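Novice: Below is the sequence, then the predicted model.
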Amino acid sequence: MLLAGAPCGSGFPAMMVFLLLFCLSCAAFTISSVAGGGAGLVIMPVLGLVLATPKIPAALSIGTMCSTVGRIVTFWQVINWRVVLFFTPAALPAAALGVFCLRLMPPVYLELVLGLFLSGNVFLLLRRSPPVETDQRQWRYLPAIGFAAGFVSGFTGATGLLFNRFYQKLGLQKQALIATRAANEVLLHAIKLVLYAQFGLFDRGVFLAGVCVGVAALAAIKVTQWVLPLLTHAQFCRIGHAAAAVAGVLMLSGAAHQIVQKDAMSLSYGRAHGETELAMT
């Protein structure tokens with residue numbers, strides 16, 4: 001028995017797929033909750049093993065919707081509603097645009113760019129970073145950030161840790177950052193789920209994979225409630241950089257593999273006329 005909607009040749013028994021996906025999702029959402037996000041970007045490569053590329057964002061959005069609602073309920077009292085008010089109006093139409101673009105082209109090339117961007121967090125881990133200072137000028141950029149986050153979320157299914165530093169410059173820390181991000185994203189996920197359904201991106205495999213990820217995300221929130229008070233803000237930021245770097249490497253690897261397969265690329269190495277040659281075809 002294979003998971004419905006899995007790519008041809010994946011050959012994973014359904015029970016093994018669900019167990020692997022649940023365990024990885026639970027670990028990823030636990031770490032991402034402590035790090036301020038990023039679980040979706042880590043889970044995407046695993047979903048790619050069992051779902052066709054255009055359907056990954058739909059399954060991921062089911063799981064992240066469960067996580068988002070759980071975080072809002074858990075950290076309701078520390079949500080910064082002013083940020084939500086500035087962020088959401090631009091993010092919602094941008095998410096619809098991202099879903100529409102998903103019908104026209106696969107998100108693999110955007111994932112490659114995001115992977116490169118996130119991998120840059122390695123350099124932040126190798127040097128001592130000064131504390132992020134609050135910058136009130138960032139408020140003027142909030143609608144633009146909302147638009148960018150909405151588009152990336154609609155196109156790939158997740159935004160992860162891409163905009164955490166921006167939230168920190170607005171003065172949000174730890175629980176407030178996690179809660180406000182969740183409030184910003186809950187309507188995004190709801191709109192995306194409706195659009196994914198209208199565009200025919202849902203099937204039994206997508207639904208089951210999404211629910212599996214969602215249950216794991218809800219379980220991870222309990223761990224988050226215990227861990228967050230034990231961390232300083234500096235430790236919180238450092239864990240975020242580490243999670244972003246790992247997510248970036250995984251996205252780069254997964255995107256590169258898909259591009260090589262899709263475009264039938266190959267590397268050849270040899271010697272001709274006494275000279276070494278390396279060619280890509």
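Specialist: All right, it came through fine. Residues are numbered from 1 along each chain as shown.
Novice: can you pull out the strands in the stretch 151-281 of the chain?
Specialist: When secondary structure is read from DSSP state E, counting those that start in this stretch, the stretch 151-281 of the chain shows strands at 267-272, 275-280.
Novice: looking at those strands, which has the lowest confidence?
Specialist: Between the strands of the stretch 151-281 of the chain, the one with the least mean pLDDT is strand 275-280; it has a mean of 50.
Novice: export stretch 173-189 as PDB, just CAs?
Specialist: These are the backbone C-alpha positions of stretch 173-189, laid out as PDB (Å, rounded to 0.1, in the frame of the first residue of the first chain):
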ATOM      1  CA  GLN A 173      10.800  38.800  21.700                       C
ATOM      2  CA  LYS A 174      10.200  35.100  22.300                       C
ATOM      3  CA  GLN A 175       6.500  34.400  23.100                       C
ATOM      4  CA  ALA A 176       5.400  37.800  21.600                       C
ATOM      5  CA  LEU A 177       7.200  37.100  18.300                       C
ATOM      6  CA  ILE A 178       5.800  33.600  18.000                       C
ATOM      7  CA  ALA A 179       2.200  34.700  18.900                       C
ATOM      8  CA  THR A 180       2.200  37.700  16.600                       C
ATOM      9  CA  ARG A 181       3.600  35.700  13.700                       C
ATOM     10  CA  ALA A 182       0.900  33.200  14.200                       C
ATOM     11  CA  ALA A 183      -1.800  35.900  14.200                       C
ATOM     12  CA  ASN A 184      -0.400  37.300  11.000                       C
ATOM     13  CA  GLU A 185      -0.400  33.900   9.300                       C
ATOM     14  CA  VAL A 186      -3.700  32.400  10.300                       C
ATOM     15  CA  LEU A 187      -5.800  34.200   7.700                       C
ATOM     16  CA  LEU A 188      -3.000  33.500   5.100                       C
ATOM     17  CA  HIS A 189      -3.300  29.800   5.700                       C
END
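Novice: which outside residues touch it?
Specialist: Stretch 173-189 has contacts (Cβ atoms under 8 Å, 6 or more residues apart in numbering) with 33, 36-37, 61, 64-65, 67-69, 71-72, 74-76, 78-81, 83-84, 87-88, 91-92, 95, 146, 149-150, 153-154, 159, 164, 167-168, 172, 224, 228, 231, 233, 236. Any C-beta I mention is one placed from the backbone N, CA and C, and that applies to glycine too.
Novice: rerun at 7 Å
Specialist: Residues external to stretch 173-189 that are found in contact with it (Cβ atoms under 7 Å, 6 or more residues apart in numbering): 33, 36-37, 61, 64-65, 68-69, 71-72, 75, 78-80, 83-84, 87-88, 91-92, 95, 150, 153, 164, 167-168, 172, 228, 233, 236.
Novice: now stretch 51-71
Specialist: Contacting residues not belonging to stretch 51-71 are listed as 5-7, 25, 29, 40, 43-44, 47-48, 102, 106-108, 156-158, 178-179, 182, 185-186, 189, 192-193, 196, 201-202, 205-206, 209-211, 213-214, 217-218, 221, 258 [Cβ under 7 Å, 6+ apart].
Novice: got the buried residues for it?
Specialist: Judged by neighbour count using 16 or more other Cβ atoms under 10 Å, the buried positions of stretch 51-71 are 51-71.
Novice: so how far is it from its chain's centroid?
Specialist: Its chain's C-alpha centre and that of stretch 51-71 lie 9 Å apart, by Cα atoms, centre = their mean, to the nearest Å.
Novice: Residue 252 touches residue 109, doesn't it?
Specialist: No. Contact between residue 252 and residue 109 fails when scored by Cβ atoms under 7 Å: they sit 12.0 Å apart.
Novice: Neighbour count: the two, which is higher?
Specialist: When residue 252 is set against residue 109 and neighbours are counted by other Cβ atoms under 10 Å, the residue ahead is residue 252, at 19 against 12.
Novice: Next one: the more buried one from residue 238, what distance?
Specialist: 21 Å (Cβ to Cβ, to the nearest Å).
Novice: and residue 137, how many neighbours does it have?
Specialist: Residue neighbour count, defined by other Cβ under 10 Å, stands at 7 for residue 137.
Novice: Which neighbouring elements make contact with the top helix by length along the chain?
Specialist: When the chain is parsed with DSSP state H, its longest helix is helix 233-263. Taking 3 or more Cβ pairs under 7 Å, 6 or more residues apart in numbering; DSSP states H and E as contact, the helices and strands that helix 233-263 lies on are helix 14-35, helix 39-50, helix 108-119, helix 121-126.
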